[in-house]
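*Asks:* Got a sequence here, can you model it:
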Amino acid sequence: MHFNKKKISNSKLKISARGSKNRKSRATKTDIKPVVKSKINKNRLEIRKTIIKVKNENKNNYKVLSKWEGMLSGYTAFILGNSPGIEKQDLSLLNSYFTIGVNRIFYIYDPTILIWQDRQLWNRDKKIVLKQKAIKICGDKADPRNYFLNFRVKPGPFRFGTDPSKLHGNGNTTAIAVQFAVSLGCSNIVLLGTDCRYGARGKTDFYGKNKDHKSYTLKMCNNAMTWLKKNCPVPIYNCSGNKLWPIQKISEVIKEIKPFRFNREQYRRMFVK
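*Replies:* Presented below is the predicted three-dimensional model:
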């Protein structure tokens, strides 16, 4: 018998070993690999682009924090905490003013500056954090990828200083935010969401129960507010449920102190290089 090699090479016939009628050819498996590989490579490229964009937007375009000293002399800082009472406030009244939002305030408001200390916040809410327009500033230990502007918290008691990159004391981010505002030169502090007490049905924060809440958190909050009342070098106005100061409405405070009105972009330009 003679074989026509040309016909065989052009044939679509596949010859398999005996007893392997249902066996899939190895060619099928190798055909799949490049497709999976290309998807992985595409995802990796997208991740790299995101990292570059985040670094440029949130860090490299701004002056280092130590250069922010006194830049907001005469301005009012509205400090937004996370206590349950803040969800009843009309925060849209603050859209034209300088706001520093603490921790997970981004669930209800996007402030001028977002500030936090705990790495757990980044680990759990990084996708939401990255979507915020706020300038993002956090403790150096809370920024594992070095995306944002960082401050260092020195051990020991709370203390006011002049360098925005060096803050003092642990246990309450609102006290840290007030220190930061004072180092920027702010002449008035307005507190919101610093009730230092639980809400209805045991809510620790306006969004529900904070997984990182400890049995001593409320005590540390009250200690921090007491320290602020005794030591803050500028006037404090209270729009929260904390009874250490007279309780006022946001509209009343705005009418009384008449803070500078700026939009978000105007504030941002003050801090860029």
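
*Asks:* From the rest of the structure, what touches stretch 207-223?
*Replies:* Contact with stretch 207-223 is made by 82, 104, 107-108, 118, 120, 124, 171-172, 174, 194, 196-198, 202-205, as judged by C-beta atoms under 8 Å, 6 or more residues apart in numbering. (C-beta placed from N, C-alpha, C; glycine too.)

*Asks:* Start and end of it, how far apart?
*Replies:* Criterion C-alpha to C-alpha, to the nearest Å; first-to-last residue distance in stretch 207-223 is 23 Å.

*Asks:* buried stuff in it?
*Replies:* Asn210, Thr217, Leu218, Met220, Cys221, Asn223 (16 or more other C-beta atoms under 10 Å).

*Asks:* Which of the contacts of stretch 207-223 are buried, as a PyMOL select command?
*Replies:* Here is the PyMOL command that selects the buried residues among those (16+ other C-beta under 10 Å):
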select buried, resi 82+104+108+171+172+174+194+196+204+205
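
*Asks:* For Phe151, see how far away the most centrally placed residue in the chain is.
*Replies:* Taking C-alpha atoms, centre = their mean, the centroid of the chain lies closest to Val129, which sits 4.3 Å from it. Per C-beta to C-beta, to the nearest Å, Val129 is found 16 Å from Phe151.

*Asks:* can you give me the helices for the stretch 1-150 of the chain?
*Replies:* 5-10, 26-55, 119-131 (DSSP state H, counting those that start in this stretch).

*Asks:* which residues touch Tyr237?
*Replies:* Asn188, Ile189, Val190, Leu191, Trp245, Gln248, Val253, Glu256, Ile257.

*Asks:* swap the cut-off to 7 Å and go again
*Replies:* Shown in contact with Tyr237 (C-beta atoms under 7 Å, 6 or more residues apart in numbering): Asn188, Val190, Gln248, Val253.

*Asks:* Just send those back as a markdown table, with pLDDT and distance to Thr76 too.
*Replies:* Formatted as a markdown table, those follow (pLDDT from 0 to 100; distance: C-beta to C-beta, whole Å):
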| residue | pLDDT | distance to Thr76 |
| --- | --- | --- |
| Asn188 | 98 | 4 |
| Val190 | 98 | 6 |
| Gln248 | 97 | 13 |
| Val253 | 98 | 9 |
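
*Asks:* Between the residues you listed, which sits nearest Lys63?
*Replies:* Asn188 (23.5 Å; C-beta to C-beta).

*Asks:* Fine by me, we can end here.
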